[in-house]
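[1] What follows is a protein structure lacking sequence information:
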Ligand SMILES: Cc1cc2nc3c(=O)[nH]c(=O)nc-3n(C[C@H](O)[C@H](O)[C@H](O)COP(=O)(O)OP(=O)(O)OC[C@H]3O[C@@H](n4cnc5c(N)ncnc54)[C@H](O)[C@@H]3O)c2cc1C
């Protein structure tokens with residue numbers, strides 16, 4: 001069966017993240033083109049209705065491993081390897097994100113499979129999937145096919161759009177998985193967001209206003225919050241301001257923080273250090289306001305404004321509010 005298996009990540013309330021829903025939507029479209037089904041793996045105690053609702057994004061079956069904890073890669077590799085082996089899935093597709101990369105890499109090693117990472121598009125040709133992956137700092141694209149099955153495809157974060165399929169409920173099948181010895185050597189102690197901005201998932205936001213040291217101090221983060229609120233988005237931050245205690249770690253973007261890919265990333269007083277860039281460079285549009293015309297962020301933003309953010313950002317907030325009425 002030329003099926004495609006997707007891992008669906010959820011929070012503690014059983015709400016699936018957009019990145020996973022996008023991967024299911026993409027898998028359903030591709031499965032239709034290669035003549036197979038799209039299915040999802042869910043771990044943990046997610047109720048029947050929430051699992052079945054993944055049918056609304058195109059999953060025909062949801063394999064649920066209730067006793068396996070969410071959030072750790074190795075046990076989920078065990079689950080996905082079993083489902084792929086038992087049911088003969090041809091591909092596993094991940095929406096990206098740190099956990100997706102970790103599980104995808106583990107699954108690749110376990111199954112001796114081929115893998116393509118940082119995929120931005122997948123196409124069907126002659127009943128097989130071809131993954132497109134940008135290389136050379138996104139200046140060229142390579143097409144990657146698979147000479148054997150299964151093939152593992154790991155997308156860039158939010159590379160695949162969420163598209164309700166209009167389909168009915170997915171069939172929910174409970175499975176028992178015997179975990180490998182090494183999969184139980186680490187255990188989740190706690191899981192959750194921390195601090196004031198807790199509960200906000202910046203990885204799912206379409207509009208992000210990133211605040212850096214150029215904001216001046218903790219209280220000035222209000223400038224970023226007001227702009228984010230006018231846009232209908234969230235605030236994010238650099239490590240410099242997180243380390244300074246201006247805002248919780250859960251908002252940090254970059255090498256040691258989160259990877260984001262919003263439709264718009266608006267950087268206020270952020271220099272654009274490489275460690276920050278790696279976490280936000282896949283944003284669809286990057287706008288930077290910085291008073292230093294030589295700031296590195298101007299080398300990779302789409303629109304750069306040289307000036308004082310304290311003068312420009314409040315006016316921008318007012319203009320957006322006025323435009324929205
Ligand atoms: C191992 C390692 C891991 C790291 N991981 C991360 C990470 O995950 N994420 C991350 O962000 N960083 C990370 N860093 C830190 C990173 O190297 C930078 O130090 C950090 O990103 C800088 O943050 P910033 O842009 O807020 O501050 P700065 O580099 O100090 O930049 C502030 C900018 O604000 C501008 N500015 C000042 N005043 C104004 C004004 N009034 N109006 C407009 N512009 C103004 C300045 O011109 C300047 O460009 C890491 C570093 C290391 C060594």
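    Nice, I can see it. Being a predicted model, the structure only gives us computed values, none of them experimental.
[2] and residue 97, what does it touch?
    Neighbouring residues of residue 97 by CB atoms under 8 Å, 6 or more residues apart in numbering: 9, 17, 19, 157, 203, 259. From N, CA and C alone the C-beta is placed, and that goes for glycine too.
[3] isn't the fourth one right up against residue 202?
    Same thing as residue 157. No. Using CB atoms under 8 Å as the test, residue 157 is too far from residue 202 to be in contact (11.0 Å).
[4] And the strands in the stretch 51-200 of the chain, which stretches?
    Taking DSSP state E, counting those that start in this stretch, the strands of the stretch 51-200 of the chain run over residues 61-65, 91-94, 114-119, 121-125, 128-135, 140-144, 151-155, 171-174.
[5] nearest to the ligand, of those?
    Smallest distance to the ligand across the strands of the stretch 51-200 of the chain (CB to the nearest ligand atom): 18.0 Å, for strand 114-119.
[6] Leaving out chain neighbours, which residue sits closest to the closest residue to the ligand within the stretch 1-150 of the chain?
    Residue of the stretch 1-150 of the chain nearest the ligand, by CB to the nearest ligand atom: residue 98 (12.1 Å). Closest residue to residue 98 apart from its sequence neighbours, by CB to CB, 6 or more residues apart in numbering: residue 259 at 7.1 Å.
[7] and that neighbour, what is it in contact with?
    For residue 259, the contacting residues are 96, 97, 98, 157, 203, 253, 278, 279, 280, 282, by CB under 8 Å, 6+ apart.
[8] what about the residue lying closest to the fourth one once chain neighbours are set aside, neighbour count?
    This points to residue 157. In this structure, residue 157 finds its nearest non-sequential neighbour in residue 96, 4.1 Å apart by CB to CB, 6+ apart. Using other CB atoms under 10 Å, residue 96 is surrounded by 27 other residues.
[9] Could you do residue 315 as well?
    9.
[10] mind checking the SS state of it?
    Recorded secondary structure, residue 315: helix (DSSP: H, G, I helix; E, B strand; the rest coil).
[11] Name the residues of this structure found near the ligand, please.
    Contact residues, the chain versus the ligand (CB under 6 Å from any ligand atom): 212-214, 238-241, 252-257, 269-271, 273, 275-276, 279, 289-292, 295, 308-310.
[12] can you tell me which of those residues are in helices?
    Among the residues of the chain next to the ligand, the members found in helices (DSSP state H) are 239, 240, 241, 275, 276, 279, 309, 310.
[13] Closest one of these to residue 53?
    When these are ranked by distance to residue 53 (CB to CB), residue 279 comes first, at 30.6 Å.
[14] So the closest one sits against residue 261, correct?
    No. Counting by CB under 8 Å, residue 279 stays clear of residue 261, with 9.6 Å between them.
[15] re the thing from before, go through the ones in helices among the residues of the chain next to the ligand and name the one nearest residue 188.
    Distances from residue 188 to these, taken by CB to CB, are shortest for residue 279, at 23.6 Å.
[16] Count the neighbours of that closest one for me.
    When counting by other CB under 10 Å, one arrives at 24 neighbours for residue 279.
[17] residue contacts, it?
    With CB under 8 Å, 6+ apart, residue 279 has these contacts: 253, 254, 255, 257, 258, 259, 260.
[18] ok so, going back, for the residue of the stretch 1-150 of the chain closest to the ligand, give me the pLDDT.
    With respect to pLDDT, residue 98 has a value of 83.
[19] What of residue 102?
    Note for residue 102: predicted pLDDT of 96.
[20] Could you check the pLDDT of the nearest residue to it once chain neighbours are set aside?
    Residue nearest to residue 102 in three dimensions, not counting chain neighbours: residue 73, with 3.9 Å by CB to CB, 6+ apart. For residue 73, the pLDDT comes out at 96.
[21] got a list of what residue 73 touches?
    Contacts here follow CB under 8 Å, 6+ apart; on that basis residue 73 touches 99, 102, 103, 106.
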